[in-house]
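Peer 1: fold the following.
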Amino acid sequence: MTHWSTFEKETERETKKLIRCISGVEDEEDQNFQLALKFAWSNFKFHRYLDVDSHKVQRSINGIYEKLMVHSDLSKAESWMRLTEEFLNSPLPNTDGAKTDAHYSLLSLLLFLSGSPSNTDFTERPRVKEAEEEDNFDWARYLMEGEDIDMGPYPDTPEWSEEESEDDDSQQPISREDSGIQLDRTPQEDQDNNNKTVPVTWTVGEPDARAWLEQHVVTPYWVAHAPRFPHSLHLHSNLLNVWDQHLYNTDPLYLPEEKAFVTETQVIRETLWLLSGVKKHFIFQHHDGKVSVRNNVVVTHLTSNCLHSVLEHIAVYGQAVFRLQRFIDEVTGYSSEPCPPGSSSSYSSKKGSEPPFRTYQAFVWALNKYFTSFKEELTTIERELICNDETVTLSAVLERLNPHLAQIKVLHKVFCTGVAEVPPETPNVVRASHLLNTLYKAIIEYDSVGEASEQAVALLFSLWTETVRPYLEIVDEWIVHGHLFDPAKEFIIQRNKDVPVNHRDFWYATYTLYSVSETVDNEEKLNDAASGSSGGDQGSSNRQLTMVSFLKPVLKQIIMAGKSMQLLKNLDCKEAEQSERSSRDAERKSLYTLFLESVQSRLCSQEESPTDTVTEHQATKRSLIKMQSIIAQHLEIDDVHDPLLAINFARLYLEQSDFHERFSGGDFIVDRSSQSVTCQTFELTLRSCLYPHIERRYIECCGNLMKTLKKDYKLLEYLQAMRNYFLLEAGDTMYDFYTAIFDKVQEKESWQQLSFLNVQLQEAVGQRHPEDSSRLSIFLETIDPARKKHPVNNLEVLTLSYKVPWPVDIVISSECQKIYNQVFLLLLQIKWAKYSLDTLRFTYYTTFSKIKMCLLRVKLMHFVNSLHNYITTRILHSTGLEFQHQVQEAKDLDQLIKIHYRYLATIHDRCLLREKVSFVKEAIMKVLNLVLIFSDRWQAGFGAWKIESIDKMESDFKNCHMFLVTILNKAVCRGSFPHCKIDTQ
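Peer 2: From the prediction side, this is the model:
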């Protein structure tokens, strides 16, 4: 090992430590220890691992920094970038240079070992560098040991040199005659100055030293009894003294007050500091969040009232900046530690453990971007003021800042309405909705002013696009991946986690749509407006339900696409896998990115055709002049002479006609600069830049779901099975089932046995539809004993059941099966009456009573057959064909559910099963019951008949028949039953 380098020796030693730590073997002579050592060395020397990729490591570092900035962990982000940069630029043992592979290898190892750097609590501790140990060894004595050196007669006297003499001269104390600066030194200061050197940037002997100090040292105007500064003796520069002298001469009670004199430059600088967010000033004072002006501050060339009026105007904007900056600091500098009493505000977080939700963070990010540019403008003005190349006055500065001050006023108004006035305990969904609605309404409100507020509209639109980003990201995550990620519960749709996806009530009870209830007093209340696929529209007279305005036109599509995508993700289908793979391969853009790209292309379309714009402006101007003359003539008729009103009316009519003409043409070109958006343009921007992307995703998601349900889960087959068994469309199969029951009844045998009914049902279905035999079953229900007096009501104990698997049971629910069962029982009762008449045997009749019975049988058969044909053809068959066509045209699952419910409601209504027309059904049931009694007596033989009973049955049938004809004719004439028109005729 003597030929090994130092690095190899250190590697050997560290490898042995690693083996002891992992294996626990301490004896180096042990065979296992030697095997482990050889294995480790072979992997170190002859490994096949790839070298570290410095670019990949740097991207990971930048990604963690960006994530920390997004989470508003500013201190962690700054520490992360600074420490990694210091490590990459610091030397390593046995490694030359900075940012080597060894540096990036260590960082890559730490990144692999880290679990979640952004979610880790980190507080940087101050690091104290180890001081290098001083070598106190006396090398001179050690090396000169034994040598005899002649030190002269004065060995303690130090050696003299010319350099020391020059240095001593330069360190002589400065006299006040040379510099003009009073230097009063104490013995302690002299003692300290002997041990340290004070650097100065100018030399005492230079003639401009005093002038340099006078120009660069500010007079302490903020202290009491500050020295007066020199100024001109011109009348304009002494207006304050002139005015005070005038007051003194005219008012005998006037008493001059002590004043603090400042220059206009100092007023300008403190104004810039106030607007940049600095809290400590001399001219302006902060008291409980309010900014006021010090009373005794004056300038020589303005009166006190004039100066105070200007400064109070500035203080209003300073207070607005202070409130906005405090809100930004509270959101960005959020800390989970409890705040001191009285430091929280109405718009701070409700709980100390809850961070600000993402909508507020996006709003603050937009405000911060604006204030960054605003502070850059303030810094530019201050640099110009310091350079003093040209005269800068307070009025010139205010005129220059006037557009920014107007924008700050707009921002403060939006902040007060959308954030500050919201009660502290308001839920996040109301806060986010109210803020977005406030911005939305503000854009429309300021745009109604016209061209005078273009900058305000542009500012509000940029603010809205930044603030709406979390909402669009939530929508994008939901409609693309089927996951409603909203940890702060700020979105207007909330997931009900108590209902799993594979539950039959998933489509109805999984999501809750929240709306904001607003009154005149701006009170907000959270209402559970609706759940499922629709929202509530009702409210009291003084209360109106509102929600996020820009999502109203596509709210249904968002809900349908989100629920469809979540359902698709939980289905074992190929379409979901293909869509997920295609979206991953194509590097899909987010909804927010698509929206911004569409807005940018729309607003910049003006720049692509400047010649067309000029021509269009000229045509618009000519149309405006022509329209103005027409409007002016109409106004003169009413004795109204107002040219401005005529111009505005003309502009209004011109814009409306121009808007309808362009929009109807389908190719709308925004005739505005890219810095502003009109009210019409803003609404059309959402319609053309945001809604199409949501509509496209809605069609894709719902189309895939419908395709999956129809293809993989046999939705159409199950709907056909319900019609086959409940509506008796499978005539041969169900005929075998119900004729077995009817035969038992005619033979006076017991048929209400569950085993007998299920056996007959299974035998009938198993022969032709074996796949449905395990799904069909029948149950017996108890009925009122009083209803058993009528034979036709005995069938009401039957309840047919069909097991529908998930997710088809979302469409065919238990409520739907109840309606199917009602129609099934009606059909069974009609089939029973028809079967009873059809199975009667004929013989030759000679007596009058027998002939009369045969005639009554024919009348009853005509009635029952007509009723049977009407139900099966005019109602069930024709309505079923319409239903099948509508199912094929359904775009989403909610539409399919509504189509199915509408189909069931139609057949339920047309089969006279509604409570409103129950009297018609009772008349029909009376005839059917008469048929069963007639059949029973026919089977008993003619000897048991009497002519009176025949006459009574015939009379009852005639009464019922006439009643039904009269009622149905009147209903048809009113248009209540259009499907009955042919049958009654």
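
Peer 1: any idea which element the residue nearest to residue 105 when sequence neighbours are not counted lies in?
Peer 2: Spatially, and ignoring its direct neighbours in sequence, residue 105 is nearest to residue 52 (4.7 Å; CB to CB, 6 or more residues apart in numbering). Heads up, the C-betas are built off the backbone N, CA and C, glycines and all. Assessed by DSSP states H and E, residue 52 sits outside every helix and strand.

Peer 1: which pLDDT value belongs to residue 52?
Peer 2: Looking at residue 52, its pLDDT is 83.

Peer 1: residues near residue 904, how many?
Peer 2: A total of 21 residues lie near residue 904 under the criterion other CB atoms under 10 Å.

Peer 1: and for the one 10 residues further on?
Peer 2: The local packing count at residue 914 equals 13, with neighbours defined by other CB under 10 Å.

Peer 1: what residues are up against the residue nearest in space to the middle of the chain?
Peer 2: By CA atoms, centre = their mean, the chain has its centre lying nearest to residue 471, at 1.7 Å. Residues near residue 471 by CB atoms under 8 Å, 6 or more residues apart in numbering: 359, 432, 436, 491, 548, 551.

Peer 1: centre of the chain to the helix or strand containing it, how far?
Peer 2: Per DSSP H and E: residue 471 is located in helix 469-481. Taking the mean of its C-alpha atoms, helix 469-481 sits 6 Å from the chain's own mean (CA atoms, centre = their mean, to the nearest Å).

Peer 1: contacts for the helix or strand just after that helix?
Peer 2: Sequence order places strand 493-495 as the next helix or strand after helix 469-481, per DSSP H and E. Contacts with strand 493-495, where a contact means CB under 8 Å, 6+ apart, come from 429, 484, 486, 510, 511, 512, 513, 514, 558, 559, 562.

Peer 1: sorry, back to before: I'd like to know which of the contacts of residue 471 is nearest to residue 813.
Peer 2: Comparing the contacts of residue 471 against residue 813 with CB to CB places residue 491 closest, at 27.8 Å.

Peer 1: tell me how many other residues crowd that closest one.
Peer 2: For residue 491, using other CB under 10 Å, the count is 25.

Peer 1: the protein: strands as residue ranges?
Peer 2: For the chain, the strands defined by DSSP state E cover 260-261, 284-287, 290-293, 297-298, 493-495, 511-518, 524-531, 544-546, 776-780, 798-802.

Peer 1: ok, of those strands, where does mean pLDDT dip lowest?
Peer 2: Ranked by mean pLDDT, those bottom out at strand 524-531, with a mean of 34.

Peer 1: for residue 745, give its distance to residue 738.
Peer 2: Applying CB to CB, to the nearest Å, the value for residue 745 to residue 738 is 10 Å.

Peer 1: any shared contact partners between the two?
Peer 2: Residues within reach of residue 745 and of residue 738 at once, by CB under 8 Å, 6+ apart, are residue 832.

Peer 1: what about the nearest residue to residue 511 once chain neighbours are set aside, neighbour count?
Peer 2: Spatial nearest neighbour of residue 511, excluding adjacent residues (CB to CB, 6+ apart): residue 493 at 5.4 Å. When neighbours are counted by other CB under 10 Å, residue 493 registers 23.

Peer 1: residue 493 bridge partners, please.
Peer 2: residue 513 (DSSP bridges).

Peer 1: for residue 7, what are its contacts?
Peer 2: Residue 7 is in contact with residue 94, counting by CB under 8 Å, 6+ apart.

Peer 1: could you shift the numbering so residue one becomes 40, and keep it that way?
Peer 2: In the new count, where the first residue is 40, that last one comes out as residue 46.

Peer 1: if I look at it, how far off is residue 126?
Peer 2: Distance from residue 46 to residue 126, counting by CB to CB: 20 Å.

Peer 1: before we move on, what about residue 460?
Peer 2: Relative to residue 126, residue 460 is positioned 49 Å away (CB to CB).

Peer 1: for residue 113, same thing?
Peer 2: Taken as CB to CB, the span from residue 113 to residue 126 is 21 Å.

Peer 1: which of the two has more neighbours?
Peer 2: residue 126 (15 against 12).

Peer 1: measure the more buried one to residue 120 for me?
Peer 2: Taking CB to CB, one finds residue 126 at 11 Å from residue 120.

Peer 1: residue 75 now?
Peer 2: 40 Å.

Peer 1: compare these two (neighbour count), which wins?
Peer 2: residue 75 (19 against 16).

Peer 1: which ones are touching the more buried one?
Peer 2: 58, 62, 64.

Peer 1: ranking by neighbours, what's the top pick from these?
Peer 2: Going by other CB under 10 Å, residue 58 tops the contacts of residue 75 with 21 neighbours.

Peer 1: which residue is the nearest non-sequential neighbour of that one?
Peer 2: residue 75 is the one closest to residue 58 (CB to CB, 6+ apart), at 4.8 Å.

Peer 1: what's the average pLDDT for stretch 414-421?
Peer 2: 91.

Peer 1: endpoint to endpoint, stretch 926-940 covers what distance?
Peer 2: Taking CA to CA, to the nearest Å, the first and last residues of stretch 926-940 lie 12 Å apart.

Peer 1: may I see the buried residues of that stretch?
Peer 2: Using 16 or more other CB atoms under 10 Å as the test for burial, stretch 926-940 gives 926, 929, 931, 932, 933, 934, 935, 936, 938, 939.

Peer 1: cool, and stretch 406-413?
Peer 2: Buried residues in stretch 406-413, defined by neighbour count with 16+ other CB under 10 Å: 406, 409, 410, 413.

Peer 1: what of stretch 314-321?
Peer 2: Buried residues in stretch 314-321, defined by neighbour count with 16+ other CB under 10 Å: 314, 315, 316, 320, 321.

Peer 1: same question, stretch 820-832
Peer 2: Neighbour counts using 16+ other CB under 10 Å place 830, 831, 832 of stretch 820-832 among the buried residues.

Peer 1: cool, stretch 841-850 as well?
Peer 2: 841, 843, 846, 847, 848, 849, 850.
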